[in-house]
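1. for reference, the sequence and a predicted model appear below.
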Amino acid sequence: MKKKISLLVLALVSASACLAQSNAIRELKQEQYPVGFDNHTFGVFYYNGKTVYANRGIDLFSGDTIKDVRINPAYSSLTSLEKTKKGQIYAAIYGISEKDALIQKIKLKNNSWTALAYSQDAKQLALANDNKQIIIYDPVGKTIAKTLTSQIVPQKMLFSGNNFFMVAAQGKTLEVWNAERGTIRKTLNFGSPINDFSFGENNSKMLVVTADGKLTVYETATFEPKTTVDDLDKALAVQANNDGKYAIILCNDKRICAVNLLDPTERIFLENSTGGTSDIRFVYNYLEDASYIIYNTNNSLVYRRLDGMKPYLNKMMSTELNEKLNQWMKQMPGETLEAYNERVNDKTRAQKAAEIERDFATKMATGQLEQSEITMGDYNTNTKKLTLHFNTMPDIFLDVAMADLKDFDKDSKLEFRNVKYGLNPDDKFEVVYAEVYNPTNGRTYIFDNMERVSLAKMNEDANFVPLEVIRATNMEETALESIKEDIISQAIQEQTISDKTHISVNANAEPAIDADGKNILNYNVDFTYEVEEEFSARDDFKPGHYHIEESGAAMSMLKIMNKAFETDFAKYLVEGKKVKIAIKGTADASPISRALAYDGKYGEYDQEPVYKDNELNNVSLNKKDGIATNDQLAFARALGVQYYMEKELSTFKNMNSNYEFHIEVSKEEGSKYRRISVHCTFIDAF
């Protein structure tokens, strides 16, 4: 195959053109039919026959017959399955940059590859062959990490977003693998051939569509079916939207449907009169806060904004509940342990959770009553309760004496006061408290269902942290604050920093579910700082600087971390235990007119996976080329933290440590945008 032009440049140009449009649909005409395609956000590569194209229809690769194409999630390479004239299928890896072309051909002596998939962190490439093997490659080191033996010949594979699971399917059989251990977690058999599958709702759900027009939703904690949706025509492909409330289904080559998984009767249809659609991709644009789908037609690639989907209110409420409840459960300054234990216990926590839920739902339910038609329902002569019907919400019941019934008719102008709402599991509002005033007789009737079982209570086993753990983490956070104050005080005395540097530390436990479906508790420890703008250049990184020791603020923060993990937090540094270390490096928008020298102190990196703007991408850094972009500068600052931790916190080396790099480049100039932060998550810490 011959590479003709830079894939990266072409894809980005086309993606930018798409996003620049203000209308809801952008169609890119093609001279050839896109048989299949893959995407990295809005960058698309497709294939037809023996050629791979950019989304502008420009010929990129030509050679053997293309069977499939997958883009590395870090956007550094793509892998294609290609069929020779003799019928053998091999894998070819190509670089996505102007300097790279064919990186590697992976061939089998007597067998052919049948499917491929990248892990979502871009660190693994899975290739299946017709000998019922799944080979896990390290795409960077170009080595085989492990070989798995399947019970099927996989024709399609996918990793979950958290890399817990790898799914492989052939015909009516689907294997769910524990991706870390390389063992089959569960085998699922269907009554009809499997067309497609995907993961949704923060990897807690797996969606499978079959040729009989059905969608089956599985809980990944157990891989037991939760929901089945039918009447989806051919159900050719499936994607989940960004929050997992909707499934996006390719019903046939001319129709796409968004199905509300909490209420499958709600469906949004998108028609494609051109036909020829064989696949779909969902893309959430964080910068625009908008949902898009990408699909192919007989003569085009289409970018289409997907409007009309309702927000997942229960998920939003869960986030707010966790944040506010965690803050409420912290021991307040000056609060004695006795007073804290009296204020925070199982009963008061449940009450506080219900209160937070009601406040959230009531805030979000603005206008619900005004939009609802209210009618009088039945009257129960035994319970003396009158039913009020809402056409948009569940009924409520009022205690009404029989003698008062004459004052309730269709002309009664009932006034609802001090109304409080809740959310049902199906994400719909319900009234949980209301004072209903009837002007006909001047009486007020109370509806009070605030003691109903809250959603927080329903999910308590999975989502609540035991109070003894919370109390322990509160004490540790207090100790962390003490360490912080001591080190800051010393640094100010030594004039390493000023009192304009503000370092924050935080520790909290959070519930999680591991790859085996077991409920666990993870422990988060955060270290961040800010420097007031006029003192940033003094206390923090100077323009173009990246060595960690050149920032007094960063070094003070890391010394707090060092001291904490030597003392109160040392018990979490257990040999062999998993810890995820997310490091963020930032840079401002100051232009780099000439490449800055890089001394190689933190190593050299070629297309290293990093997260930017919530998307995985890649950054290269080496002594020869130096630092030419602010992305590289932010990355170098993050690398300094890893260098310090590996040098000064040697205990981390004995753990199963996974470093994850995040970079952020401000659109504005100024020293206050140059800083670092560290987030440590100890997996199954308790």
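-> Yes, it's here.

2. where exactly do the helices run in this structure?
-> Assigned helices in the chain, in chain order: 7-19, 313-328, 337-343, 346-364, 368-371, 455-458, 460-463, 467-493, 536-539, 552-566, 630-648 (criterion: DSSP state H).

3. who touches the third one?
-> In this structure, residues lying in contact with helix 337-343 by Cβ atoms under 8 Å, 6 or more residues apart in numbering are 331, 332, 335, 471, 474. Quick note: C-beta positions are derived from backbone N, CA and C, even for glycine.

4. report the two of those separated the most.
-> Taking Cβ to Cβ as the measure, the contacts of helix 337-343 span a maximum distance of 13.4 Å, between 332 and 471.

5. the two: who's more crowded?
-> Comparing residue 332 with residue 471 by other Cβ atoms under 10 Å, the one with more neighbours is residue 471, at 16 against 11.

6. dump the residue contacts of the residue of the chain most remote from its centre.
-> Going by Cα atoms, centre = their mean, the residue of the chain most distant from its centre is residue 403, 57.1 Å out. Residues in contact with residue 403, defined by Cβ under 8 Å, 6+ apart, are absent; none qualify.

7. what's the distance between it and residue 434?
-> Computed as Cβ to Cβ, to the nearest Å, the residue 403 to residue 434 distance reads 22 Å.

8. residue 145 - how many residues pack around it?
-> If you count neighbours by other Cβ under 10 Å, residue 145 ends up with 14.

9. wait, it sits on residue 137?
-> Yes - contact criterion Cβ atoms under 8 Å: residue 145 and residue 137 qualify, at 6.7 Å.

10. for the nearest residue to residue 286 once chain neighbours are set aside, grab the count of nearby residues.
-> Counting by Cβ to Cβ, 6 or more residues apart in numbering, residue 614 is the residue found nearest to residue 286 once chain neighbours are left out, at 5.0 Å. Other residues near residue 614 come to 10 when the count uses other Cβ under 10 Å.

11. against residue 635, how distant is residue 614?
-> Counting by Cβ to Cβ, the gap between residue 614 and residue 635 amounts to 16 Å.

12. same question for residue 421.
-> Residue 421 sits at a distance of 46 Å from residue 635 (criterion: Cβ to Cβ).

13. higher neighbour count, these two?
-> Applying other Cβ under 10 Å to residue 421 and residue 635 shows that residue 635 carries more neighbours, namely 28 against 23.

14. so who does the closest residue to that one other than its chain neighbours touch?
-> Nearest residue to residue 635 in three dimensions, chain neighbours excluded: residue 619, at 4.6 Å (Cβ to Cβ, 6+ apart). Taking Cβ under 8 Å, 6+ apart as the definition of contact, the neighbours of residue 619 are 605, 607, 608, 610, 631, 632, 635, 663.

15. who's the last one bridged to?
-> Bridge pairing for residue 663 (DSSP bridges) gives the partners residue 585, residue 612.

16. how about the first one?
-> Beta-bridge pairing of residue 605, defined through DSSP bridges, involves residue 621.

17. that one against residue 623, yeah?
-> No - assessed by Cβ under 8 Å, residue 605 is found out of contact with residue 623, at 11.2 Å.

18. more crowded one of those two?
-> With other Cβ under 10 Å as the criterion, residue 605 and residue 623 differ in neighbour count, and residue 605 comes out ahead with 19 against 11.

19. the more buried one and residue 71: what is the separation?
-> Residue 605 is 20 Å from residue 71, by Cβ to Cβ.

20. still on that earlier bit, looking at the helices of the chain, which is nearest to residue 288?
-> Distance to residue 288, taken as Cβ to Cβ, is lowest for helix 7-19 among these, at 7.1 Å.

21. average pLDDT across the closest one?
-> Within the predicted structure, the mean pLDDT of helix 7-19 is 47.

22. and for stretch 671-681?
-> Here the mean pLDDT over stretch 671-681 is 91, rounded to a whole number.

23. end to end, how far does that stretch reach?
-> Start-to-end span of stretch 671-681 (Cα to Cα, to the nearest Å) is 29 Å.

24. ok, now which ones touch the residue nearest the centre of the chain?
-> Here the mean C-alpha position of the chain is nearest to the C-alpha of residue 202 (Cα atoms, centre = their mean), at a distance of 5.5 Å. Contacts for residue 202 were tallied using Cβ under 8 Å, 6+ apart; they are 161, 162, 244.

25. okay, those in TSV with distance to residue 388 and pLDDT next?
-> Formatted as TSV, the entries for the contacts of residue 202 read as follows, by distance: Cβ to Cβ, whole Å; pLDDT from 0 to 100:
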residue	distance to residue 388	pLDDT
161	44	94
162	45	94
244	33	94
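
26. neighbour-wise, which one of those leads?
-> Of the contacts of residue 202, residue 244 is surrounded by the most neighbours, 20 neighbours in total, counting by other Cβ under 10 Å.

27. so what's that residue up against?
-> 200, 201, 202, 204, 205, 261, 312, 315.

28. also residue 162?
-> Contacts for residue 162 were tallied using Cβ under 8 Å, 6+ apart; they are 120, 202, 203.

29. try residue 213
-> If you count contacts by Cβ under 8 Å, 6+ apart, residue 213 has them with 230, 231, 232, 233, 234, 235, 251.

30. show me how to select, in PyMOL, the buried members of those residues.
-> Here the buried members of the contacts of residue 213 are turned into a PyMOL selection, burial being counted by 16 or more other Cβ atoms under 10 Å:
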select buried, resi 232+234+235+251
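
31. now, the contacts of residue 213 that are in strands?
-> Using DSSP state E, the members of the contacts of residue 213 that fall within strands are residue 251.

32. residue 298 against residue 32, yeah?
-> No - counting by Cβ under 8 Å, no contact exists between residue 298 and residue 32, whose distance comes to 10.1 Å.

33. what's around the closest residue in space to residue 390 that isn't next to it in sequence, how many residues?
-> Leaving aside its chain neighbours, residue 390 sits nearest to residue 372 (4.5 Å; criterion: Cβ to Cβ, 6+ apart). Residues near residue 372, counting by other Cβ under 10 Å, number 15.

34. and what of residue 31?
-> When neighbours are defined as other Cβ under 10 Å, residue 31 has 9 of them.

35. check it and give its pLDDT.
-> Confidence at residue 31, expressed as pLDDT, is 90.

36. in contact with it, which residues are there?
-> Under the criterion of Cβ under 8 Å, 6+ apart, the contact partners of residue 31 comprise residue 57.

37. now the one 3 residues further on
-> Residues counted as contacts of residue 34 (Cβ under 8 Å, 6+ apart) are 46, 47, 48, 53, 296, 300, 301.

38. report how many residues lie close to residue 62.
-> The number of residues packed near residue 62 is 15, by other Cβ under 10 Å.

39. pairing partners for the nearest residue to it once chain neighbours are set aside in the sheet, please.
-> Closest residue to residue 62 in three dimensions, ignoring its sequence neighbours and counting by Cβ to Cβ, 6+ apart: residue 51, at 4.8 Å. Residue 51 has these beta-bridge partners by DSSP bridges: residue 48, residue 62.

40. right, I'll leave it there.
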